[in-house]
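Trainee: Show me the folded form of this:
(chains A, B, C and D)
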Number of protein chains: 4
Amino acid sequence: MTIDLSKYQVRTDLALEAQEMAALGSQIPGVWNESTNDGGILVTRMHIQTDEGARRIGKMPGHYVTIEVPELRKGDTELQDRVATSFAREFEAFLTRVGVQPNGSVLIAGLGNWNVTPDALGPLVVENVMVTRHYFELMPGDVSPGYRPVSAIAPGVMGTTGIESSDIISGIVEKSKPDLIIAVDALAAKSLDRVNTTIQIADTGIHPGSGIGNKRRGLTREILGVPVIAIGVPTVVYASTIVSNTMDMVFEHMKRQTSNTQPLFGVFGTMQEQERLQLVREVLQPLGHDLLVTPKEIDMFMEDIANIIASGLNAALHEAVDTHNVAAYTH
Amino acid sequence: MTIDLSKYQVRTDLALEAQEMAALGSQIPGVWNESTNDGGILVTRMHIQTDEGARRIGKMPGHYVTIEVPELRKGDTELQDRVATSFAREFEAFLTRVGVQPNGSVLIAGLGNWNVTPDALGPLVVENVMVTRHYFELMPGDVSPGYRPVSAIAPGVMGTTGIESSDIISGIVEKSKPDLIIAVDALAAKSLDRVNTTIQIADTGIHPGSGIGNKRRGLTREILGVPVIAIGVPTVVYASTIVSNTMDMVFEHMKRQTSNTQPLFGVFGTMQEQERLQLVREVLQPLGHDLLVTPKEIDMFMEDIANIIASGLNAALHEAVDTHNVAAYTH
Amino acid sequence: MTIDLSKYQVRTDLALEAQEMAALGSQIPGVWNESTNDGGILVTRMHIQTDEGARRIGKMPGHYVTIEVPELRKGDTELQDRVATSFAREFEAFLTRVGVQPNGSVLIAGLGNWNVTPDALGPLVVENVMVTRHYFELMPGDVSPGYRPVSAIAPGVMGTTGIESSDIISGIVEKSKPDLIIAVDALAAKSLDRVNTTIQIADTGIHPGSGIGNKRRGLTREILGVPVIAIGVPTVVYASTIVSNTMDMVFEHMKRQTSNTQPLFGVFGTMQEQERLQLVREVLQPLGHDLLVTPKEIDMFMEDIANIIASGLNAALHEAVDTHNVAAYTH
Amino acid sequence: MTIDLSKYQVRTDLALEAQEMAALGSQIPGVWNESTNDGGILVTRMHIQTDEGARRIGKMPGHYVTIEVPELRKGDTELQDRVATSFAREFEAFLTRVGVQPNGSVLIAGLGNWNVTPDALGPLVVENVMVTRHYFELMPGDVSPGYRPVSAIAPGVMGTTGIESSDIISGIVEKSKPDLIIAVDALAAKSLDRVNTTIQIADTGIHPGSGIGNKRRGLTREILGVPVIAIGVPTVVYASTIVSNTMDMVFEHMKRQTSNTQPLFGVFGTMQEQERLQLVREVLQPLGHDLLVTPKEIDMFMEDIANIIASGLNAALHEAVDTHNVAAYTH
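Mentor: Just a heads-up that it's a prediction; the model follows:
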């Protein structure tokens, strides 16, 4: 049997996971990497520099920063503050990279559906972020130094508005003329333990098909005319991905206890990861349940991670907001 | 003492109340009126035909329909269905009047702040209305006859987005090109017993300063290039209005029991309504509490009235949706 | 390696699934079964008559009715009404079975945590059900015939109240003296496609360890002194269960395409289901992610299923409420 | 005309306002008073020592502390923290007064209806307070020193549960045996500017007819067998109270500008406050709108004040929780 492998890739919106799958331990040409670990906060900076690297990994060329905090779901507020500070620091580097001035205006677009908890990351961040643009419009002389104009909108999803969210954002951009767009969206991950423990920042914008809801059009500099920084958090995993991942882990686990693979798994053990994933999907599809699944406590996790991102954005966007008191600016 | 009366009018967004105050029982030239009462549902159709009429009443020239249902707050679902049907019938007349074809596309703009319950009418209607435009975009051949393209957006308020809601709507109109805009907004009434028992429809659009939040720019045909039908429900009353109204009622009540006014109220009784209202405001202002107030059960009322309007809109906008099964299309 | 199989059973709160696993196609002595399918609504009535049957299946002796509606997640309101009617009919049989008179008073206990969406079934049903007991207390002469006293309480979970929910219910039972308790709770299923498509009714009460939150004490006739009918809906599945289930399906699928099992899966293929499940758990545990997972649209499903149960209970509990207009009594 | 004055008192649940109305500037025998003002936080400690004092004021004998913070509705988080600290200090004095030991167990009862925003104070405090009792039950050896067992329950209202909230609390008290009950409830005030700016603490428990919902039975030491400390915040005002109050202020205002009262207001001006209130109610009643009204931003105010109380309770109840980091313990 022949398999169209491209259709049967494990689906992930995290560049880090895509690279892990593509590299299998080796280095991919045209891709630069760096990692630091600061007290349980693992920051990986990746630069996909060439089209070849992009093709291999399956993500657009550009800069990606991934902040992984395995303990983040435990609800420790002190750790949350440290993550917000880390996030703010990394985000500031992106502001410099895309060339936005300290007084440049910013539109935060919170993508996703606020009625579907794991898809509500964008709307939740929008609800918690400091909005200042109207002060600059209504009483420009009265705004304290150290702030920039920030506006924020949650455009909803096509199923509830009838309009592509990219069209809504594009219309608002033409009227309000921001210098930068920050697009926040919930993502699908490969690994269940990255759900709500990981934040990705990228200067590539949002591309069609990424995120939880199926975007048909993207949010990119090409489309909108201004730079777009994307912020994402994985909040769901495909059921088929969980199964396929765990099978791999089971195989690894059993292999470690013996030397001969063949009799352990037979033909099944010799299949490529993609072939096995196809098999899993074939089996799940007719039952209609290759569902996107999410941990049952997702309601509580969402609130926390949205606050971390909102706090971090407030600190990164306004010089007058300090990364040390960053948590005070949201509720 | 001289009083700038224009500043001290009782504030109401209902044309019906404005007319009552201006007319004091007599007929205002250039204003046409008609009322029908169908089992507890009082429908008043008003046409402000001349600028003189508009000036006297303090509302824009145009058609206004007011549906008053004193029993509406009792939560009777059978009555709610009848009101939805009445509303649908009146609304259809507006569709004909502004010249929108049965297949003309419609954008419903739900104004107001969803975090402030009495200001959340617009967002609640948007959440409950049938949205169909994306079916026409994605699979135009597959849409059953009897439907038109409807999109819906809740643009938020300037305090939470940083952008004028009229700019957001205007940007979306340019991208999605609707033939008609329906703007839904919460209103301030003069009379506490009209709160959540009254629906107003008008073909004048939304004008600056109307509604609960202070709009600085309007939503009108002039600004947006397409007709705008406004739907409003009073959900709040100014504290000063309640006081002033009740004082008037007290005076009326006492007068009915005697023939000589002078000794009953002295100088106070001979003041004009506006003078007394000014006095009340002077007294309330320094304490900072000329608040907009709302009944304590507002949470429950809002859900019901938003459902009535959403059901009525579904029936009025789509030929395939019957006014008799109108309630089934929302949740 | 030896495995304590009892520890590694696939976890399910559905008696139907437990029986499927225990029976493997054959009949279990002491267990009676009957199924009917009425236009997409599959009703299975099971009676575990003996201790031997109970031990084999791993569920308490008693009557279990399972209503399965694979299409239920599609949001079809007409189907929802039919399911409510089916549920009401089956529930009425339980009322007769436990010997509660038509005017016997009922306490509905909605177990679970309203802050965790998939655990909020009980609180959501409590919010939607008709409560009438206070009318009987305050104006006993004025209640129309055909109603019985119904009270309803959501006692919360130990993590948020600090008190066992069974202690709270028990205290309320002593004060309010109901003749019957109906306990509603969210369940864990084996099969992802039973999540929010299945309702279980049982006359066994609620036993420790069942449901999503870990109850330490049960709600049973022995503890509370009155009969307890339990209503449950599976809303979550263990990640390990999904993996293990899918592996089985993959094996079945591959076997169907060949005759020789051995070379296909090797040692792995010859393992017992429990051994494989243990392996899966061993692999998932250190990563801390044998999570309870739930479909991402769980928010929407919960509202619908809670309404179906509330409507069905209203019709079953009050003679004056007809199973044909059953949906009208909730909002 | 003769008036039953007792029926026409301005309704207030604040002992401070009741005293102001009764005293009219003079001292009431048997009532002790003390006030301090600390940077915008006005604390008044009142002790109604005799039955005569209680009769005059219309409140039960006991200790009342009122914390008034006119600026509290402005959303200043630094001020909120200071108020939480003040509240904690005053509350600790009550703990000492009722004789509860530092390790004595506490049940917090959050009265009111969570579906009616201004009545949701109790449920909101319950949701935000630290609950610890289950740790003492499940792993008594592992609890750090400096904590006491705290449980918390929101019993709902009779209209939604069918059971008196005092019966529910009483049943739970018998099962969980707390040493102290803290009852939190929303109140009605006389003055609109005390809404959500004032906290009252009293060692008298909750009496029938107090609070927003009409309690038919109280929560007192006599009924429950353990001391009951009540915490209340005014969140609503009767429409008739607003009108009546403002009329008084208008009269005061006009009197200050002239020396002769008679011609200013006539008979109306010579009426007693109660007579005028009766008149106002007579006028409002037939229209069915002597409503409880609340500021339109009540949603936002409720969250803030509930957090202040929850933070203050955490600090007052647990020695290990410091009044300086008090805000960190809630979300």
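
Trainee: Could you use CA atoms for every contact and neighbour count after this?
Mentor: Fine.

Trainee: can you give me the strands for chain A?
Mentor: A:31-38, A:41-48, A:62-68, A:106-110, A:150-153, A:180-189, A:198-202, A:228-238, A:292-295 (DSSP state E).

Trainee: Can you redo the ones you listed as CSV, where the extra columns are distance to chain D and mean neighbour count?
Mentor: Listed next are these as CSV, based on distance: least, CA to the nearest CA, whole Å; neighbours: other CA atoms under 10 Å in any protein chain shown:
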stretch, distance to chain D, mean neighbour count
strand A:31-38, 24, 13
strand A:41-48, 22, 20
strand A:62-68, 23, 22
strand A:106-110, 22, 26
strand A:150-153, 20, 27
strand A:180-189, 23, 27
strand A:198-202, 22, 25
strand A:228-238, 21, 27
strand A:292-295, 21, 26
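
Trainee: And these, which one averages the lowest pLDDT?
Mentor: Here the lowest mean pLDDT among the strands of chain A goes to strand A:292-295, at a mean of 85.

Trainee: List the contacts of A:Ala189.
Mentor: When contacts are counted by CA atoms under 8 Å, 6 or more residues apart in numbering or on different chains, A:Ala189 touches A:Arg11, A:Thr12, A:Asp13, A:Leu14, A:Glu17, A:Val195, A:Pro234, A:Thr235, A:Val236, A:Val237, A:Tyr238.

Trainee: before we move on, what about A:Asp248?
Mentor: By CA under 8 Å, 6+ apart, the contact set of A:Asp248 is A:Glu273.

Trainee: how close does it get to chain B?
Mentor: For A:Asp248, the distance to chain B equals 39 Å [CA to the nearest CA, to the nearest Å].

Trainee: and if you look at A:Val131?
Mentor: 6 Å.

Trainee: Chain C: which of the contacts of A:Ala189 is nearest?
Mentor: When those are ranked by distance to chain C (CA to the nearest CA), A:Val236 comes first, at 7.3 Å.

Trainee: give me the residue from the stretch 1-150 of chain A nearest chain D.
Mentor: Closest contact between the stretch 1-150 of chain A and chain D, by CA to the nearest CA, is at A:Thr77 (8.2 Å).

Trainee: so which residue of the stretch 151-300 of chain A comes closest to chain D?
Mentor: With CA to the nearest CA as the measure, A:Met300 is the residue of the stretch 151-300 of chain A nearest to chain D, at 10.9 Å.

Trainee: I'd like the average pLDDT over the longest helix anywhere in chain A.
Mentor: Using DSSP state H, we find that the single longest helix of chain A is helix A:77-98. Model confidence over helix A:77-98 averages 96 on the pLDDT scale.

Trainee: next one: stretch A:13-30
Mentor: For stretch A:13-30, mean pLDDT is 87.

Trainee: Could you tell me the end-to-end distance of that stretch?
Mentor: By CA to CA, to the nearest Å, the extent of stretch A:13-30 from end to end equals 20 Å.

Trainee: Then stretch A:35-50?
Mentor: End-to-end distance of stretch A:35-50 (CA to CA): 20 Å.

Trainee: What lies in contact with it?
Mentor: For stretch A:35-50, the external contacting residues (CA under 8 Å, 6+ apart) are A:16, A:30-34, A:54, A:60-71, A:83.

Trainee: Could I get the contacting residues of the residue of the stretch 151-300 of chain A closest to chain D?
Mentor: Contacts of A:Met300 were listed using CA under 8 Å, 6+ apart, and they are C:Asn115, C:Val116.

Trainee: What distance do you get for it to C:Ala120?
Mentor: From A:Met300 across to C:Ala120, the span is 13 Å (CA to CA).

Trainee: cool, and A:Ile169?
Mentor: Relative to C:Ala120, A:Ile169 is positioned 35 Å away (CA to CA).

Trainee: again with A:Phe301
Mentor: Plainly put, A:Phe301 is 16 Å away from C:Ala120 if you go by CA to CA.

Trainee: more crowded one of these two?
Mentor: Shown here are A:Phe301 and C:Ala120; by other CA atoms under 10 Å in any protein chain shown, C:Ala120 has more neighbours (26 against 21).

Trainee: ok, now which ones touch the spatially most central residue of chain A?
Mentor: When CA atoms, centre = their mean is applied to chain A, the residue found nearest the centroid is A:Gly232 (2.2 Å). Contacts of A:Gly232 were listed using CA under 8 Å, 6+ apart, and they are A:Val184, A:Asp185, A:Ala186, A:Leu187, A:Ile199, A:Gln200, A:Ile201.

Trainee: can I assume the fourth one is in contact with A:Gly211?
Mentor: When you say that, I think you mean A:Leu187. Yes - using CA atoms under 8 Å, A:Leu187 makes contact with A:Gly211 at a distance of 4.4 Å.

Trainee: Tell me, what's the model's pLDDT at A:Leu287?
Mentor: Taking A:Leu287 on its own, its pLDDT is 56.

Trainee: That should have said A:Ala239, apologies.
Mentor: Looking at A:Ala239, the pLDDT reads 83.

Trainee: before we move on, the earlier item: now the strands of chain A in a markdown table, with distance to D:Asp38?
Mentor: Output for the strands of chain A, formatted as a markdown table (distance: least, CA to CA, whole Å):
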| stretch | distance to D:Asp38 |
| --- | --- |
| strand A:31-38 | 43 |
| strand A:41-48 | 43 |
| strand A:62-68 | 45 |
| strand A:106-110 | 41 |
| strand A:150-153 | 37 |
| strand A:180-189 | 44 |
| strand A:198-202 | 44 |
| strand A:228-238 | 45 |
| strand A:292-295 | 47 |
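
Trainee: how about these, which one is nearest B:Leu95?
Mentor: B:Leu95 lies closest to strand A:150-153 among those, at 30.4 Å (CA to CA).

Trainee: The closest one: partners in the sheet, and parallel or antiparallel?
Mentor: Strand pairing for strand A:150-153, using DSSP bridges, gives strand A:106-110 (parallel).

Trainee: Contact residues of the stretch 51-200 of chain A facing chain C?
Mentor: Applying CA under 8 Å from any CA of the partner chain, we find that the stretch 51-200 of chain A lies next to chain C at A:Asn115, A:Val116, A:Thr117, A:Pro118, A:Leu192, A:Asp193.

Trainee: Setting the sequence-adjacent residues aside, check what's closest to the third one.
Mentor: What that stands for is A:Thr117. Closest residue to A:Thr117 apart from its sequence neighbours, by CA to CA, 6 or more residues apart in numbering or on different chains: A:Asp299 at 6.3 Å.

Trainee: repeat for A:Gln200
Mentor: Counting by CA to CA, 6+ apart, A:Gln200 lies nearest to A:Thr66, which is 4.5 Å off, once chain neighbours are set aside.

Trainee: one step back: between the residues of the stretch 51-200 of chain A next to chain C, which is nearest B:Arg221?
Mentor: Of these, the one sitting nearest to B:Arg221 (CA to CA) turns out to be A:Asn115, at 32.4 Å.

Trainee: show me what contacts that closest one?
Mentor: Listed by CA under 8 Å, 6+ apart, the contact set of A:Asn115 reads C:Asp299, C:Met300.

Trainee: Cool, thanks, signing off.
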